[in-house]
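S.K.: How does the following fold in three dimensions:
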Amino acid sequence: MVVLKPPTLLEIDPSARVVFLAGSIEMGNATEWQAALTRELAHLNVVVLNPRRDEWDATWRQSIDEPKFRAQVEWELDGLDRADLIAMWFVPETASPITLLELGLHARDGKLVVGCPPGYWRKGNVDIVCTRLGAPLFEAWDPFVAAVVDRLR
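M.R.: Residues are numbered from 1 along each chain as shown. Alright, predicted model coming up:
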């Protein structure tokens, strides 16, 4: 397994199986579920793209004209496009608006496995989108992890 985080360039062997860890990050509010899922995938021959940047700077303007912010967003968009599987986890204590955006961008492409526990403020929206568009949806961590591992085997 190889784990890549921004700002590492996404130079990935075209034959590699790639999983993107989309979901709640909101520093200080979201558990580091990405690290837990990465441990669960350690036995697989995959490339894990984890957008949780180690040195995030909250002072970056969220603007197309802010080079570091733009590079982060483009890294994420490139990673989502390159991924064979997008593992998306919504943490109930977060709003996760970017994760909702990513759900909308990729709900139709067959790459998603979604985890959305009870208590997430927009769970109803997530449930309806996933049901309507056929994205696998799990309310609990263990079945979510099992589905991700199964899809990557």
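S.K.: Provide the secondary structure category for the residue minimising distance to the centre of the chain.
M.R.: Nearest residue to the geometric centre of the chain (C-alpha atoms, centre = their mean): A22, 0.9 Å. Here A22 is recorded as strand under DSSP: H, G, I helix; E, B strand; the rest coil.
S.K.: what does stretch 27-38 rub up against?
M.R.: Stretch 27-38 is contacted from outside by 1, 3, 21, 23-25, 48, 50, 52, 56, 58, 87, 89, 91, 93-94, 96, 141, 145, 148, using C-beta atoms under 8 Å, 6 or more residues apart in numbering. Every C-beta, even on glycine, is put in place using the N, C-alpha and C of the backbone.
S.K.: Which ones among those map onto helices?
M.R.: Counting by DSSP state H, the contacts of stretch 27-38 place 141, 145, 148 in helices.
S.K.: quick one: which of those residues is nearest K111?
M.R.: Using C-beta to C-beta, V148 is the member of those that lies nearest K111, at 11.5 Å.
S.K.: For the closest one, list the residues it contacts.
M.R.: By C-beta under 8 Å, 6+ apart, the contact set of V148 is 19, 37, 40-41, 85, 87, 113.
S.K.: Reformat those as CSV; add distance to A135 and secondary structure.
M.R.: Converted to CSV, those look like this (distance: C-beta to C-beta, whole Å; DSSP: H, G, I helix; E, B strand; the rest coil):
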residue, distance to A135, secondary structure
V19, 15, strand
L37, 17, helix
E40, 20, helix
L41, 19, helix
L85, 12, strand
A87, 12, strand
V113, 8, strand
